[in-house]
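> Here is the input, now give the coordinates:
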Amino acid sequence: YSIAKQGFEETLKNMNGKFTLVWHDAKEQTLNFIRNKDRPFHLVETTTGDWFGASEEDMIMWLFKRKSFGPTIKRHFEMEVGVQYVFDVSSGFKFKEERKHELPTFRRHYPVYSGYNRNWYNDYDDDYDYDYGRGTRQPNASQSSYSGNRSTSQTSTQTDKESKEAQLNRILEAHGVKAEVGDFIHFESFQFDPYPKNKDKGKLTGYCGSAEYIEVQAHGFNTEDYVEGGEYRGKIISAYEMNYILHIIVAPATPIKV
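Got it, this is the predicted structure:
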């Protein structure tokens, strides 16, 4: 979506995380590959002009060694970090060129939560159990304290609260959302990811918006209430931007009865 809207150059500037990207450019009639240092990708060219790709070199080499599979390898290599490999697919599949790019520095994105809810949610952190009944995030017995740059004080002044809400509302307004922190929004679901340690709850993901794709996330959602393509409503507690896409956090999320 970002490449189609902003172009690849602008999208790359805001990439965050580990990636190998593969995308088709309908205007240029090309298929494109690029990776950063955290994700490998291997390409193989055969003497017949065919190309093959895989994230694991051993897997692709095993494929070529099978007796029932006989093309001869002309060359095989791991894609260079930050190099865009461009293939012309206007008539067949032919290698066109390499384009070198300067990759952005990896950085972490954390949503800024408002005073409406002090929970900190992190789907990738297995060191914490979630206790949504009391509305708190509890450390495991194996970890007595929470360290790192995400820690937040349990107390804050009214000024801090207003400042955070104003920041979040500006983000919402910039993307055309006619709602503020504390307001309810409607959205349609498309994915549910149960928590590894508590299958009864998980993260509900959906979208809203007509002129622009806006992702909505609801944490601590009951597994039994999930319906793909279902309509839900939730109170906005946070928002953040990543790769030109607005992400809204709501709590709680409840099905809309029709």
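> By mean pLDDT, point me to the weakest helix or strand of the protein.
None of the helices or strands of the chain scores lower by mean pLDDT, DSSP states H and E than strand 128-131, at a mean of 34.
> Using CSV, list the CA coordinates for stretch 210-222.
C-alpha atoms of stretch 210-222 as CSV (Å, rounded to 0.1, in the frame of the first residue of the first chain):
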residue,chain,number,x,y,z
SER,A,210,-12.7,4.8,3.1
ALA,A,211,-10.2,7.2,1.6
GLU,A,212,-7.3,5.6,3.4
TYR,A,213,-6.5,2.3,5.0
ILE,A,214,-6.4,2.7,8.8
GLU,A,215,-5.5,-0.3,10.9
VAL,A,216,-7.3,-0.9,14.2
GLN,A,217,-5.9,-3.1,17.0
ALA,A,218,-7.7,-4.4,20.1
HIS,A,219,-5.7,-6.2,22.7
GLY,A,220,-7.1,-8.6,25.3
PHE,A,221,-9.9,-9.6,23.0
ASN,A,222,-11.9,-12.8,23.7
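> Need the residues that contact that stretch.
If you take CB atoms under 8 Å, 6 or more residues apart in numbering as the criterion, stretch 210-222 is touched by 1, 119, 121, 130, 132, 175-177, 185, 187, 192, 200-208, 232, 234, 245-253. Glycine gets a C-beta too; all of them are placed from N, C-alpha and C.
> Over to stretch 73-82?
Contacts for stretch 73-82 (CB under 8 Å, 6+ apart): 20, 33-37, 40-47, 57, 60-61, 64, 85, 98, 100-103.
> buried stuff in that stretch?
Neighbour counts over stretch 73-82 (16 or more other CB atoms under 10 Å) mark residue 79 as buried.
> Can you tell me which of the contacts of stretch 210-222 are buried?
Members of these classed as buried by 16+ other CB under 10 Å are 119, 121, 130, 132, 175, 177, 185, 187, 192, 201-208, 232, 234, 245-253.
> and the longest helix along the chain, what other elements does it pack with?
Longest helix of the chain, by residue count under DSSP state H: helix 158-174. For helix 158-174, the elements it packs on are strand 112-113, strand 231-242, strand 245-255, judged by 3 or more CB pairs under 8 Å, 6 or more residues apart in numbering; DSSP states H and E.
> Pipe those into TSV and attach mean pLDDT and distance to residue 220 per row.
Formatted as TSV, the helices and strands packed on helix 158-174 follow (pLDDT from 0 to 100; distance: least, CB to CB, whole Å):
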stretch	mean pLDDT	distance to residue 220
strand 112-113	40	14
strand 231-242	93	11
strand 245-255	92	7
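> Residue 25 is nearest to which of those?
Residue 25 lies closest, by CB to CB, to one member of the helices and strands packed on helix 158-174: strand 245-255, at 19.9 Å.
> ok, and what's touching the closest one?
Contact with strand 245-255 is made by 1-2, 111, 113, 117, 119, 121, 171-172, 175, 177, 185, 187, 204, 208, 212-221, 225, 227, 230-241, as judged by CB under 8 Å, 6+ apart.
> hmm, which of those residues are the buried ones?
The neighbour-count criterion (16+ other CB under 10 Å) marks 2, 111, 113, 117, 119, 121, 171-172, 175, 177, 185, 187, 204, 208, 214-221, 230, 232, 234-240 among these as buried.
> Counting neighbours, what do you get for residue 16?
13 (other CB atoms under 10 Å).
> Now name the helix or strand holding it.
Of the helices and strands defined by DSSP states H and E, none includes residue 16.
> coming back round to it: report the mean confidence score over the longest helix of the chain.
Confidence over helix 158-174 (mean pLDDT, whole number) is 83.
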